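In: next come a sequence and a model predicted from it.
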Amino acid sequence: FIHEVLLVYCIQFLRMDDLDLDPSLELELEIDKRANLLSLNPKDFLAVPEDEETATWVYELMRHFICQFNDLVVKLKKTCKCDKMEANGTEFLCACHQPPKECDAMSYMMHGLHFAESAITSESNFQSRYSIEENKMRTIVSSQCRRLYRIFGHAYFSHRDIFDNYEETTKAHERFCAFALTFDLVAKEYLFINN
């Protein structure tokens, strides 16, 4: 963590062209820079950088959103004692079990995040962060988007104060919905908050 902070600090004082950075780190830094600009509209936040492959950009954005979901779950941890994973009257079964079964909400969220992190970082799915296969990325990211969105749904319908505070400070929900729709990862009906 300290290494990353120092790197970001150095980049502020040096031109990016002068550094020989790992390309995926450059994309992470670009996403972080955009994420910290809360006034940046979703379209500009999601705009694919010049000379970048769309599949690689979507993959890196998904990594960013998984981190944001992790942050939200940490904020929910002290408050959420819900016996079921529900949102808007719908109960979700945890697909991390075979067959899928009922989990308390916190376990469901933790299982879903672990599953998403494993799918996104698996070398069998993505051999390299520099060259992402479009079809494989779309299949995996789309599936994870639908599942992770339920965390927003549960927070919104069951822990609204935490959801509202998190959204106000991150714009994570607004940007995630734009991400899912812009890159055609999730049908609009699955994004059920304010839908």
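Out: Nice, thanks for sending it over. Residues are numbered from 1 along each chain as shown.
In: my guess is I162 contacts L76. True?
Out: Yes. If you go by C-beta atoms under 8 Å, I162 and L76 touch, sitting 5.8 Å apart. (C-beta placed from N, C-alpha, C; glycine too.)
In: neighbour count winner among those two?
Out: Per other C-beta atoms under 10 Å, whichever of I162 and L76 has more neighbours is L76, with 21 against 17.
In: check which helix or strand covers that one.
Out: Assigned by DSSP states H and E, L76 falls within helix 54-77.
In: which strands or helices does that helix pack on?
Out: For helix 54-77, the packing partners by 3 or more C-beta pairs under 8 Å, 6 or more residues apart in numbering; DSSP states H and E come out as helix 23-35, helix 105-121, helix 134-158, helix 160-170, helix 172-182.
In: please repeat the previous calculation with a cut-off of 10 Å.
Out: helix 23-35, helix 42-46, helix 105-121, helix 134-158, helix 160-170, helix 172-182 (3 or more C-beta pairs under 10 Å, 6 or more residues apart in numbering; DSSP states H and E).
In: can you name the next helix or strand after it?
Out: Note on helix 54-77: by DSSP H and E, the next helix or strand toward the C-terminus is strand 86-87.
In: quick check: next helix or strand after that following strand?
Out: Of the helices and strands lying after strand 86-87 in sequence (DSSP H and E), the nearest is strand 90-91.
In: let me see the mean pLDDT of that next one.
Out: Across strand 90-91, pLDDT averages out at 92.
In: cool, stretch 57-66 as well?
Out: Averaging pLDDT along stretch 57-66 gives 95.
In: just stretch 141-158 next, same as before
Out: 95.
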